[in-house]
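Visitor: Sequence plus predicted model, see below.
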Amino acid sequence: MRYWLMKTEPADFSIDTLARRKLEPWTGVRNYQARNFMRDGMRAGDGVFIYHSGGTDPGIAGIARVAGDAYPDPTQFQKRSKYFDPKSAPDAPRWWMVDVAFKRRFERMLPLAQLRLQPALEGMPLLARGSRLSVQPVASAFWKFILKLEQRA
DNA sequence: GCCAACGTTGGC
DNA sequence: GCCAACGTTGGC
C-alpha cells in the first residue's frame, strides 16, 4: 500500500465535490512525471491526500483512495476537450489516469503554512521549493505524521 | 497581480 | 543535443 498526494484547484474541483460524487475520473493530468506515478505506481486501495492549491489558503483537505488501475485518459482524444492532445494516438495513448474515491474530509484543512512548520516533514516533495508536481508520492512516515497532525488540529 | 520555478517546444 | 522562448503552476 502506497500513499500519494493529488492537487486540485478547489474553485474547479474540491474535496466537497469529491464527497458528493463519491468517485472521480482524474482526467487532465498532462505532466509526464505525474502520469508515470498514476500509471506505474498507483494500485487500487492506495491512500491519497487531496490537496487544495491556488486558493487563498492552500492545504490538505481530505483523504481519498485509488479506486483502480490506470487507464488511458479519454479526454486526450476528445477534440472539444481542453485536454485534447492531437499528438496522442488511440493505439498508443500518451496520457493515463486513475479513478479516485472519496474517503473523508478533514474537519479542518491542514494549511500548507502549518505543514511547512513541521521539521518532521522535511523532504516532502510538496514542500520543496518551486514544486509544481500535481501527483506525487507521500512516504508512509509523512503520511502517518500528517494524520497525527490532523488529529491534533 | 506578481513572479519564481519549472516543463515543453522547436529552431538550429 | 543544446538552449532560448514560451506557457503554466501556484505561493504570496
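Guide: Perfect, I can see it now.

Visitor: A:S81 is in what secondary structure piece?
Guide: Remark: A:S81 resides in no helix or strand, with elements defined by DSSP states H and E.

Visitor: and chain A, which residues reach DNA strand B?
Guide: A:31-33, A:87, A:128-133 (CB under 7 Å from any atom of the strand). (Glycine included, C-beta is placed from N, CA and C.)

Visitor: can those go into TSV with extra columns for secondary structure?
Guide: TSV is the format used below for the residues of chain A next to DNA strand B (DSSP: H, G, I helix; E, B strand; the rest coil):
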residue	secondary structure
A:N31	coil
A:Y32	helix
A:Q33	helix
A:K87	coil
A:A128	coil
A:R129	coil
A:G130	coil
A:S131	coil
A:R132	coil
A:L133	coil
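
Visitor: Tell me the one of the residues you listed nearest A:R104?
Guide: A:L133 (23.9 Å; CB to CB).

Visitor: tell me the contacts of the closest one?
Guide: A:31, A:33-34, A:125 (CB atoms under 8 Å, 6 or more residues apart in numbering).

Visitor: 10 Å instead?
Guide: A:L133 makes contact with A:5, A:7, A:31, A:33-34, A:37, A:125-126, according to CB atoms under 10 Å, 6 or more residues apart in numbering.

Visitor: Please flag which of the residues you listed sit within strands.
Guide: A:5, A:7 (DSSP state E).

Visitor: Provide a list of residues in contact with the residue in chain A that DNA strand B sits nearest to.
Guide: Closest to DNA strand B within chain A is A:G130: 2.0 Å, counting by CB to the nearest atom of the strand. Applying CB under 10 Å, 6+ apart to A:G130 gives no contacts.
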